[in-house]
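# coords below, sequence missing:
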């Protein structure tokens, strides 16, 4: 008889796996650890991507989870989903976040920057003192942003950082004659809304030597804005200065260059091409001037609200700029009195009085209960209803009657579900409806409160804080701008909505410092 060799019995899959795991000391996979639970979750398609549960992190020991699974016996998809959510941390789930107010405090060192010397060939302008940037794509100090950021620094006891930023701004005036739009070489041809005098109001340093240096910086900055008064032509305008029909002087936004902006070169070239036969230099200067205004871009500056190429910023005499220059003139006068310089004080008090009279004559529209920008071409106020109308209240030069009228118009046209609208028109530009911006909320709240309209002021703050808190709860972010109609991140503009964000953090902190009861429940999620 022929004897055949005995056939070796093949190893089944599980014993082979056990041998491999034992031989190589490999840890078990989730399917091994969670067995029937893993199968149930995957078969029920609890997650569209099977990898999601395979990557989940247990909140307890696996034995504890499996014992709970055996007890509860979740069978359908809903029960399995609830079980998994309780016992596992799953990718994409909202993580625990600090309360909104605490998050803002955490962000100051994140957005803070140390002094630095410029690198040859770089566009960055060196600074000798610490400072705070807005965040995201904005990694340099910006002029008007910084005032609203400093409000939050003040609320959070960051006095040394406020003093450092003020020192930087005074240095910039001494170096360049003005504070540039931002600390980049390509921003030097323009400034931004002049908030330096109001920044100095936030300082607790009253050293007399420093006070004189700061007064000199304010006067030199004012000289920058008024330099065009010496070169007014037959058209009645030069640089930032405009001669009004009665001979009084007001100001406009302007830029010393008429080329495409370095930071938006392609976009400006394309806009100028669309504007033909208008000269490219004219269009490009108007784009630059709108960037100086901070409202880049808005229907305030457009002949046709739906077409950016119709921009004509330099034809507009804006109410916000002139209100801020009135503030600068009154603050210079007050600081001059404090130093005993009565001649300077008298000169600037006279300028402030003449500016207020011109604002009242040309920028106040009594029949429509609003302040307005003034159009040099049509020689009349523009039709735009905007949040800029609240700057005279913020500055404090409106009469009680004017303030009451603006309050009525604001309540009727600019209050959105989630805060103050920027304008009443939707154009797709970021400084139009439905967007709301932190600086304009603060201007409104402060201005209305100054004239006794505290209920409306607090209501705007409540709506705004609810919008910021809701978005923070959903995304973990504080954003540059918000849609105040839908209470969600804002849109429009040349770039995506930015995260960070200096002036949103500052205004939110200042509002909550004033009204702690405005923190909504979801702000701590």
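Great, that's in hand. What you see is a predicted model; the values in this text were computed from it and never measured.

# Can you list the low-confidence ranges for this structure?
Flagging of the chain using pLDDT under 70 yields the residue ranges 1-25, 92-96, 521-525.

# one more time with 80, if that's ok
1-26, 91-96, 520-525 (pLDDT under 80).

# How about residue 129: what's its closest non-neighbour residue?
residue 164 (4.0 Å; C-beta to C-beta, 6 or more residues apart in numbering). Every residue, glycine included, has its C-beta placed from N, CA and C.

# The one you found - that's part of a helix, no?
Yes. Counting by DSSP: H, G, I helix; E, B strand; the rest coil, residue 164 is part of a helix.

# Distance-wise, check it relative to residue 405.
41 Å (C-beta to C-beta, to the nearest Å).

# Over to residue 354?
23 Å.

# Of those two, which one has the most company?
Taking neighbours as other C-beta atoms under 10 Å, residue 354 and residue 405 compare with residue 405 leading, 21 against 15.

# and the gap between the more buried one and residue 240?
With C-beta to C-beta as the criterion, residue 405 and residue 240 are 29 Å apart.

# and the residue lying closest to residue 386 once chain neighbours are set aside, what does it touch?
Nearest residue to residue 386 in three dimensions, chain neighbours excluded: residue 423, at 4.6 Å (C-beta to C-beta, 6+ apart). Each residue near residue 423 by C-beta atoms under 8 Å, 6 or more residues apart in numbering is listed here: 298, 299, 300, 384, 385, 386, 387, 431, 432, 433.

# can you give me phi and psi for residue 423?
phi -140, psi 180 (degrees, to the nearest 10).

# how far away is it from residue 413?
Taken as C-beta to C-beta, the span from residue 423 to residue 413 is 9 Å.

# where do the contact lists of those two overlap?
Common neighbours of residue 423 and residue 413 (C-beta under 8 Å, 6+ apart) are residue 385.

# picking that back up, ranking by neighbours, what's the top pick from the contacts of residue 423?
residue 386 (30 neighbours).

# Distance-wise, check it relative to residue 420.
In terms of C-beta to C-beta, residue 386 sits 10 Å off from residue 420.

# same question, residue 470
With C-beta to C-beta as the criterion, residue 470 and residue 420 are 16 Å apart.

# These two - which one has more neighbours?
residue 420 (24 against 18).

# any idea which element the spatially closest residue to that one that is not a sequence neighbour lies in?
Nearest non-adjacent residue to residue 420, counting by C-beta to C-beta, 6+ apart: residue 444, 5.0 Å away. Element membership for residue 444 (DSSP states H and E) is helix 438-450.

# Which other helices and strands does that helix contact?
helix 143-155, helix 391-395, helix 400-413, strand 419-420, helix 454-475, helix 502-514 (3 or more C-beta pairs under 8 Å, 6 or more residues apart in numbering; DSSP states H and E).

# got the contact list for that helix?
For helix 438-450, using C-beta under 8 Å, 6+ apart, the contacting residues are 144-145, 147-148, 151, 294, 387, 390-396, 398, 403, 407, 410, 419-420, 422, 454, 456-458, 460-461, 464, 503-504, 506-508, 510-511.
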